[in-house]
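Colleague: From the sequence below, what's the structure:
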Amino acid sequence: MLIRYQGEVVGVVGATRYGLAPTLHGCAWPAVDQRRVSAVCEWALEVRQATGSEPGRLPGDHRVG
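Modeller: Residues are numbered from 1 along each chain as shown. Below is the predicted model:
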């Protein structure tokens, strides 16, 4: 699942971990923005672990495609 912040992709959340975009680790992003994105990624992992689905999907939803 892609994580967007201020219109840019800044992270990716997988099944058991997440990663932040390299530009987010650089000087262009203040530390408070890094903490905000990290908090959202950690929340998404907790939702996925608790429900077995990514945020925004119900456990019974089926993927199309």
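
Colleague: List the buried residues for the host helix or strand of residue 43?
Modeller: Per DSSP states H and E: residue 43 is located in helix 31-51. Within helix 31-51, the residues scored as buried using 16 or more other Cβ atoms under 10 Å are 34, 37, 38, 40, 41, 44, 45, 47, 48. From N, CA and C alone the C-beta is placed, and that goes for glycine too.

Colleague: could you say what helices and strands it packs with?
Modeller: strand 2-5, strand 8-13, strand 18-20, helix 22-25 (3 or more Cβ pairs under 8 Å, 6 or more residues apart in numbering; DSSP states H and E).

Colleague: worst-scoring helix or strand of the chain, pLDDT-wise?
Modeller: Across the helices and strands of the chain, mean confidence by mean pLDDT, DSSP states H and E is lowest for helix 22-25: a mean of 67.

Colleague: How many residues are close by residue 7?
Modeller: Counted with other Cβ atoms under 10 Å, the neighbours of residue 7 add up to 6.

Colleague: Now do stretch 12-29: everything it contacts.
Modeller: 1-3, 8-11, 33-34, 37-38, 41-42, 44-45, 48, 54 (Cβ atoms under 8 Å, 6 or more residues apart in numbering).

Colleague: related to what we said a few turns ago, make CSV from the helices and strands packed on helix 31-51 and add mean neighbour count to it.
Modeller: Below are the helices and strands packed on helix 31-51 laid out as CSV (neighbours: other Cβ atoms under 10 Å):
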stretch, mean neighbour count
strand 2-5, 14
strand 8-13, 17
strand 18-20, 15
helix 22-25, 12
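
Colleague: Show me the least confident stretch of the ones you listed, going by mean pLDDT.
Modeller: Mean pLDDT across these is lowest at helix 22-25; the value there is a mean of 67.

Colleague: which ones are touching the residue nearest to the spatial centre of the chain?
Modeller: Central residue of the chain (Cα atoms, centre = their mean): residue 41, 3.7 Å from the mean position. Residues in contact with residue 41, defined by Cβ under 8 Å, 6+ apart, are 3, 11, 13, 18, 20.

Colleague: can you name the two of those residues that are farthest apart?
Modeller: Farthest apart among these by Cβ to Cβ are 13 and 20. That separation is 10.3 Å.
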